[in-house]
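*Asks:* What shape does this take:
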Amino acid sequence: MTRIAVIGAGIAGCAAVLALERAGLEVAGYEAHPDRGADAGAFLTLAGNGTAALSQLGVVCDAGFPLTALRLTDHTGTELGTRPLTGYRCLRRAELCRTLQAETVRRGIPLHHGRALAAVTERPDGVTATFADGYAVDVPLLIGADGLNSTLRPLIDPGVAAPRYAGQHVLYGYTRDAAPPYRPGRIDMVRGSASAFGYTVSPDGETFWFARVAGDGLPSAGTPGQLRAVLLPYLRTDATPAADIVAATGTELMVTEARDLPSVPRWYTDRLLLIGDAAHAASPATGQGAALALEDAVVLAESVRDTRSARAAFERYERLRRPRVEANIEASARLTAGVPPQR
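*Replies:* Numbers count the residues shown, from 1 in each chain. As a prediction, the model looks like this:
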């Protein structure tokens, strides 16, 4: 049995431990947060390739609700097109993470919380990972699934550039007090005059929404009232439901900066490998971050299972994954750049 430690118990990390265990490998996960591994507030639309990867992991996810159609409108409310969606699901990011963590526990895979990686010593025969509390583990292979601000990434590639600001802030929220036009199972995307906006309504009547807006002067934190006041001028001039949805949102309103990694030249050494956002974070415009992390886990497990050495496994993994994920980074950057500044 191959022993593998995975750093990070978010979506990529939990998916990796599940995939590796399913491939017959001995694996354990280590998460810095004392009781969870994902931000609590954001939601995501998990694309069909993501739900297919979940199935390959043997995971059933009942959280959230299915999305079966997408409609695009412009800033005047004119419909530009619709298309069906297959296998899509809308859910809170934390719900997906909890589903993966629960399945990890159910399968009896060790998952250690409160373990923040502090140092790594790589040897010809293995790796020693030392954590901030002094705990250490010796394993043949170490997988870094510790996200955009990865601790492991600069150890693998000391010259790698830091994550860059992608030129947008993303605001998102939830409200039961809005009454936008909607169709069950549909996500409405609005190509606004100064924003990209999207919303969908859950089966129990809760509106999930996000807005991507360009501008370096936007706040990266604030109270819900302050964030509403900043966002509404981007939406008010458009003949769409966006402004009314935001105005009806109470305390569940959050903001984050869109960041990405334009390129990480080196993903692995003889004993260390990066996956998920630690290796290839994109800005959120394409909505593929979670789905690609789940795909990473499937391909990683197959590569380790089907090759004779760690080096060969990592080479195969990179050969299969890099073109796909870097194409997504570029596509997402183009969509991000296409959002106009406030008029």
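
*Asks:* ok, the longest strand along the chain: who's next to it in the sheet?
*Replies:* If you go by DSSP state E, the chain has its longest strand at strand 79-92. With DSSP bridges as the test, strand 79-92 is paired with strand 43-46 (antiparallel), strand 65-74 (antiparallel).

*Asks:* And the pLDDT for the residue lying closest to residue 238 once chain neighbours are set aside?
*Replies:* Distances taken as Cβ to Cβ, 6 or more residues apart in numbering place residue 75 nearest to residue 238, at 4.2 Å, with adjacent residues excluded. Every C-beta, even on glycine, is put in place using the N, C-alpha and C of the backbone. The pLDDT attached to residue 75 in the predicted structure is 97.

*Asks:* who's in contact with residue 75?
*Replies:* Applying Cβ atoms under 8 Å, 6 or more residues apart in numbering, we find residue 75 in contact with 190, 191, 192, 193, 237, 238, 239, 240.

*Asks:* let's see 6 Å
*Replies:* When contacts are counted by Cβ atoms under 6 Å, 6 or more residues apart in numbering, residue 75 touches 192, 193, 238.

*Asks:* The closest residue to residue 317 other than its chain neighbours: neighbour count?
*Replies:* Once flanking residues are discounted, residue 317 sits nearest to residue 303: 4.3 Å by Cβ to Cβ, 6+ apart. Residues lying near residue 303 (other Cβ atoms under 10 Å) number 22.

*Asks:* circling back: measure the residue nearest to residue 238 to residue 235 for me?
*Replies:* Here the criterion is Cβ to Cβ, to the nearest Å. By it, residue 75 lies 9 Å from residue 235.

*Asks:* Going by residue numbers, what spans are strands in the stretch 1-150 of the chain?
*Replies:* 3-7, 26-31, 43-46, 65-74, 79-92, 111-113, 117-123, 126-131, 136-139, 141-144 (DSSP state E, counting those that start in this stretch).

*Asks:* Name the SS class of the residue nearest to residue 317, please.
*Replies:* helix (DSSP: H, G, I helix; E, B strand; the rest coil).

*Asks:* For the lengthiest helix in the chain, buried residues please.
*Replies:* The helix spanning the most residues in the chain, taking DSSP state H as the definition, is helix 310-337. Neighbour-count burial for helix 310-337, counted by 16 or more other Cβ atoms under 10 Å, picks out 310, 313-314, 316-318, 321, 325-326, 328-329, 332-333, 335-336.

*Asks:* ok, of these, which one's closest to residue 144?
*Replies:* residue 314 (11.8 Å; Cβ to Cβ).

*Asks:* And that closest one, how close does it get to residue 173?
*Replies:* 40 Å.

*Asks:* ditto for residue 278
*Replies:* On the measure of Cβ to Cβ, residue 278 and residue 173 end up 28 Å apart.

*Asks:* Next up, the contacts around the nearest residue to residue 80 once chain neighbours are set aside.
*Replies:* Excluding the flanking residues, the one nearest residue 80 by Cβ to Cβ, 6+ apart is residue 72, at 4.5 Å. Neighbour list for residue 72: 80, 81, 189 [criterion: Cβ under 6 Å, 6+ apart].

*Asks:* circling back: my guess is the residue nearest to residue 317 contacts residue 314, does it?
*Replies:* No - the pair residue 303 / residue 314 is not scored as a contact, 7.4 Å apart, by Cβ atoms under 6 Å.

*Asks:* Just the residues contacting stretch 111-124, thanks.
*Replies:* Counting by Cβ under 6 Å, 6+ apart, 7, 9, 29-32, 34-35, 104, 128-132, 151, 155, 271 sit against stretch 111-124.

*Asks:* State the mean pLDDT of that stretch.
*Replies:* Per-residue scores along stretch 111-124 average to 95.

*Asks:* Which positions in that stretch come out as buried?
*Replies:* Neighbour-count burial for stretch 111-124 [16+ other Cβ under 10 Å]: 111, 115, 117, 120, 122.

*Asks:* Could you check how far the closest residue to residue 304 other than its chain neighbours is from residue 122?
*Replies:* In this structure, residue 304 finds its nearest non-sequential neighbour in residue 313, 4.5 Å apart by Cβ to Cβ, 6+ apart. As for residue 313, its distance to residue 122 is 16 Å (criterion: Cβ to Cβ).

*Asks:* Kindly report the same for residue 139.
*Replies:* 11 Å.

*Asks:* One more: residue 130?
*Replies:* 12 Å.

*Asks:* now do residue 227
*Replies:* Counting by Cβ to Cβ, the gap from residue 227 to residue 122 is 44 Å.

*Asks:* Quick check: residue 191 vs residue 242, distance?
*Replies:* 11 Å.

*Asks:* next one: stretch 182-195 to chain centre, how far?
*Replies:* Put simply, stretch 182-195 sits 21 Å off its chain's centre (Cα atoms, centre = their mean, to the nearest Å).

*Asks:* tell me which residues of that stretch are tucked away?
*Replies:* So for stretch 182-195, counting by 16+ other Cβ under 10 Å, buried means 182, 185, 186, 187, 188, 189, 190, 191, 192, 193, 194, 195.

*Asks:* With pLDDT, secondary structure and distance to residue 168 as extra columns, can I get those in JSON lines?
*Replies:* As requested, the buried residues of stretch 182-195 are arranged in JSON lines below (pLDDT from 0 to 100; DSSP: H, G, I helix; E, B strand; the rest coil; distance: Cβ to Cβ, whole Å):
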{"residue": "182", "pLDDT": "96", "secondary structure": "coil", "distance to residue 168": "25"}
{"residue": "185", "pLDDT": "97", "secondary structure": "coil", "distance to residue 168": "27"}
{"residue": "186", "pLDDT": "98", "secondary structure": "strand", "distance to residue 168": "24"}
{"residue": "187", "pLDDT": "98", "secondary structure": "strand", "distance to residue 168": "19"}
{"residue": "188", "pLDDT": "98", "secondary structure": "strand", "distance to residue 168": "20"}
{"residue": "189", "pLDDT": "97", "secondary structure": "strand", "distance to residue 168": "15"}
{"residue": "190", "pLDDT": "97", "secondary structure": "strand", "distance to residue 168": "15"}
{"residue": "191", "pLDDT": "96", "secondary structure": "strand", "distance to residue 168": "15"}
{"residue": "192", "pLDDT": "96", "secondary structure": "coil", "distance to residue 168": "13"}
{"residue": "193", "pLDDT": "95", "secondary structure": "coil", "distance to residue 168": "15"}
{"residue": "194", "pLDDT": "93", "secondary structure": "coil", "distance to residue 168": "12"}
{"residue": "195", "pLDDT": "94", "secondary structure": "coil", "distance to residue 168": "9"}
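
*Asks:* Noted, bye for now.
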